[in-house]
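*Asks:* let's see this in three dimensions:
(2 chains)
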Amino acid sequence: MTETPLTDLARPGQEPLNLADYQREGGYRAARKAVLEMAPGEVTQLVKDAGLRGRGGAGFPTGMKWSFVPSGDNARHPTYLIANADEMEPGTFKDRFLIEETPHQLIEAMIIAAWAIQADVAWIFLRWEYRLCERRLRRAIAEATESGFLGTDVFGSGWRLDMHLHISSGRYMCGEETGLLNALEGKRATPRQKPPFPQVSGLWGKPTIVQNVETLCNLPHIVNNGADWYQGLGVGDNAGTKLYGASGKVAKPGLWELPLGTALRELLFEHAGGMRDGLGFRGLLPGGASTDFLVEQHLDTPMDYDHVAKAGSRLGTGMLIVLDDHTCPVGMVHNLELFFAQESCGWCTPCREGLPWVADMLGALERGEGRQEDLATLAEQCDFLAPGRTFCALAPGAVEPLQSALRYFADDFARHVSEQRCPWGES
Amino acid sequence: MLSPEETQAIDHEVAIVPERRSACLEALQIVQRSRGGWVDDEALADVAQYLDMSTAELDGVATFYNLIHRKQVGRHVVHLCSSVSCWLMGYPKVRATIRKRLGIDFGETTADDRYTLLPIQCLGTCDHAPALMVDEDLHRDVDAGAVDAILERYE
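*Replies:* As a prediction, the model looks like this:
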C-alpha cells in the first residue's frame, strides 16, 4: 500500500488537529527525539542519508544545504531558519494544503530543522492571500509556545527557539530566496549576488537556511522512521513522496501525495482523470508556470528531478498545468509572459526590458498583428534571457514555457502570422 | 500623526527585528488597515519618520509591493486571479462580467467607492479555478454567472 505520511492527518473540510490531538497521533515525538536525543550533526546526516531534496523547485539536497551553515567554533548567532510559505508559482497549491490541514506538522518540522542548524529564530514567510493559513498558524504557534515546544526552553533542553510569522505584501520575487531575505528585512524584493550564499550570509547578514514548506514537512517522518524507510517510499532511486497536482481542463483537478517518480501518464490519466469530455490533450507544464512544456511523447516520463530534466523540462513544484486542444497555446503563453513581465523586479536589464517585449509580441500575435520575423525574435529573446544572462532565475524560468511552445506548437504560432488572427478566436 | 493603536502595533513588530526599518512592511500593513485600505502621503511620511527611514526610501518599498496601496481604494477590494490556471478556466469571462456589471476594469474604482478591481497573482487554489478574493474572503469555482451574487454580499 502506498504510504502518504505528509497528508495522513489532513481532514479537509474540518478544523485541523490541535496540539493535543496532533500529539495523540504521534505528533511532536520526532521533534522531541531530535532535540533531546540527537546531536545536530546527527540530524543533518540522517536527512542526507534519507536523500531528501528540496520540493520548492530547485531540488537541492536538503542535508547538504544545512551542512554549509557554519558550526562549532565558526558558528554565528543568531542563525535563522525560514520556511518559504510564499507559494506563488502559478498552478501550485500544495503548500497551502499542508499548512491549512496540518499546521503543527510544519511547526514540528521547523523545530527539527532549526535544531540541526542550531538556529535561534525561525520565521514563516507567508503570503497575505493565504488568510486561513495565517489563522491556523497563529493558533498553532501559540499552542506550541504555551506547551514549551517553542520559546526559551524547547522541550526542557535549555535551547531557545523563537518563531515568528511574516505576512508578505505580495510579489512573485519574494519566492526567490534572496529576494525573500530582502523582503523580510523590509526592502524591495530584489535578488542578491551569490556567493556568499544565505547559509553563510543571509538574513541581516547572519547564517540562514530557507526551505520550502513541503520539504520541511518530510522531516518528522524521516526522524521517526529512518533513512531506509524514506528511501523506500519513492519509485526507483527516488526518496520520499511528492505532492502532485493538476489544474486546467482535466476531469478531476486536484492534489495527491504519491511516490516521487510516479509516471506522468498515471498522474494525468488516473489521478486527474484525463481530459474533460470532448477535449484532447495538447501539452502540460509539469511543475508550475516556469517549466518547459511536455507533450504526448513525454507521458511515460517518471515525475522526478532527473527524468523530467532529461525530457527537457523541470520537476519544479510537481503541479501540472494542462493545456487542452480547444485552447490556444499562443494565448496561454501570452498569459504566462504577461505574468512574468509584471513580476520582474526590474533589477537587471534583460529581464526588465525583455519580458515586456516578449509579452507585447505575443499580444500582437493574438490580435492578428504578428509578423513573420516575430517568431525568430521570440526565439532570440529566449536566448537573451537564458540561464547565466540575468541576475536571478526569474527570466530563465519565464522563457522555459515560451521556448518549448515555439518548438512543440510551431504550427500554431505560424498560423497566427499567416492567417493574421488567432485561429481559436476569443478564448 | 500615527494613532496610539498604530504605534503600539508597530512597536510589537519592531521588537522582533534587529533594525527598526525592517518592520516597515508590517507598519505599512498596519496603517493601511486602520486607514481605509490605503496609505496616503501623510501616513507614509509618519511611518518613515517613526522607523528612522527617509520617506523616499519607504515609498520605494511601498510601491514595490502590490498589496500596499498608495492610491485610494474602494470599501471592498476585489482581487481577481489572472494567472494561467484561471486563464485556462475562463477568468477573462469573469473579468468581462465585472466590467459590464460595475463599469470598472483592473486598477479602477466604482464611482460610489464601493469596489476596486485589481488583478492578483495565482491564488493557489487552481483545482477550483477561476478564483477571486473580496477583501479577505476567498471565492472559488467562480463562473461568470456567480459574480453578481458574490458582489452583492459586500456593501
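*Asks:* surely residue A:240 meets residue A:215?
*Replies:* No: Residue A:240 is beyond contact range of residue A:215, at 9.7 Å (criterion: Cβ atoms under 8 Å). Glycine gets a C-beta too; all of them are placed from N, C-alpha and C.
*Asks:* overlap in contacts of the two?
*Replies:* residue A:52 (Cβ atoms under 8 Å, 6 or more residues apart in numbering or on different chains).
*Asks:* any idea of the pLDDT on residue A:1?
*Replies:* As predicted, residue A:1 sits at a pLDDT of 57.
*Asks:* and residue A:104, what is it in contact with?
*Replies:* Taking Cβ under 8 Å, 6+ apart as the contact definition, residue A:104 lies against A:16-19, A:22, A:27-28, A:140, A:143-144.
*Asks:* my bad, residue A:200
*Replies:* By Cβ under 8 Å, 6+ apart, the neighbours of residue A:200 are A:68-70, A:207.
*Asks:* and it, what pLDDT?
*Replies:* 97.
*Asks:* ranges for the strands of chain B?
*Replies:* For chain B, applying DSSP state E gives strands covering B:76-81, B:108-109, B:115-120, B:132-134, B:137-139.
*Asks:* just the ones you listed: most buried one?
*Replies:* strand B:76-81 (a mean of 23; mean count of other Cβ atoms under 10 Å in any protein chain shown).
*Asks:* tell me which strands that one pairs with, and in which orientation.
*Replies:* Using DSSP bridges, the strands paired with strand B:76-81 are strand B:115-120 (parallel), strand B:132-134 (antiparallel).
*Asks:* got a list of contacts for the shortest one?
*Replies:* The one in question is strand B:132-134. A:129, B:76-81, B:94, B:120, B:123, B:138-139, B:142, B:150-151, B:153-154.
*Asks:* domains in chain B, as residue ranges please.
*Replies:* B:4-62, B:76-152 (automatic domain parsing).
*Asks:* just to revisit the earlier point, of the contacts of residue A:104, closest to residue A:202?
*Replies:* Closest approach to residue A:202 among the contacts of residue A:104 (Cβ to Cβ): residue A:144, at 24.0 Å.
*Asks:* and for the closest one, nearest residue in space, chain neighbours not counted?
*Replies:* Distances taken as Cβ to Cβ, 6 or more residues apart in numbering or on different chains put residue A:150 closest to residue A:144, at 4.8 Å, once the chain neighbours are dropped.
*Asks:* need the contact list for that neighbour.
*Replies:* Residue A:150 touches A:107, A:111, A:141, A:144, A:161-163, counting by Cβ under 8 Å, 6+ apart.
*Asks:* mind running it again at 7 Å?
*Replies:* A:141, A:144, A:161, A:163 (Cβ atoms under 7 Å, 6 or more residues apart in numbering or on different chains).
*Asks:* so how far is chain B from the residue sitting nearest the centre point of chain A?
*Replies:* Centroid-nearest residue in chain A, with Cα atoms, centre = their mean: residue A:56, separated by 2.6 Å. Remark: distance between residue A:56 and chain B (Cβ to the nearest Cβ, to the nearest Å) = 14 Å.
*Asks:* what's the average pLDDT for stretch A:79-88?
*Replies:* On average, stretch A:79-88 scores 98.
*Asks:* do it and chain B meet?
*Replies:* Yes: Stretch A:79-88 is in contact with chain B by Cβ under 7 Å from any Cβ of the partner chain, via A:87-88.
*Asks:* what's that stretch in contact with?
*Replies:* Taking Cβ under 7 Å, 6+ apart as the rule, stretch A:79-88 contacts A:56, A:69, A:95-96, A:99, A:106, A:110, A:113-114, A:117-127, A:168, A:172, A:174-175, A:177, A:180, A:202-203, A:206-213, A:216, B:121-122, B:124.
*Asks:* many thanks, have a good one.
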